[in-house]
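Colleague: Quick one, what's the 3D model for this:
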Amino acid sequence: MYATGELGRTPSALPGRKRFWSPLRCRRGTIVKAVPDLPNHPKPLGPYSHCVVANGLVFISAQAPIRPGGKAGEWAAPDVAGQTRQCLTNIASILEELGLTLTSVVKT
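Modeller: Modelled structure (predicted):
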């Protein structure tokens, strides 16, 4: 999923939260990559981040149907419809913490 908005081109443009960033080299120059800390979002199930911000774009992936504060394997609902709703709620939560909304989504 790709989202874009008024994030600017540097990690300093993100809301005032702890974040990790590193420059990436590419053919046309340097791309600034930020991995924001999302304290209100369920922790990842593995060694990855839920989103990455690079050059003003937000890349979201690997959403599990877990409520904030939930643990691995504690799905928000027993059925696919409920799990899908929770995944979309988690995506909306990430976007909200970055100052965006679901209308900012460019591609799913």
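
Colleague: mind listing the helices for the chain?
Modeller: For the chain, the helices defined by DSSP state H occupy 80-97.

Colleague: and the nearest residue to residue 42 once chain neighbours are set aside, how far is that from residue 55?
Modeller: Once flanking residues are discounted, residue 42 sits nearest to residue 66: 4.4 Å by CB to CB, 6 or more residues apart in numbering. All C-beta atoms are positioned from the backbone trio N, CA, C, and that covers glycine. Distance, residue 66 to residue 55, by CB to CB, to the nearest Å: 29 Å.

Colleague: Also residue 92?
Modeller: 23 Å.

Colleague: Which residue, other than its chain neighbours, is closest to residue 74?
Modeller: Using CB to CB, 6+ apart and skipping the chain neighbours, the partner closest in space to residue 74 is residue 66 (6.4 Å).

Colleague: Provide a list of residue ranges in the chain with pLDDT below threshold.
Modeller: Within the chain, the stretches with pLDDT under 70 are 1-34, 36-37, 108.

Colleague: If we use 90, what do you get?
Modeller: Flagging of the chain using pLDDT under 90 yields the residue ranges 1-78, 90, 93-100, 104-108.

Colleague: Isn't the residue nearest to residue 42 up against residue 87?
Modeller: No - taking contacts as CB atoms under 8 Å, residue 66 lies outside contact range of residue 87: 9.0 Å.
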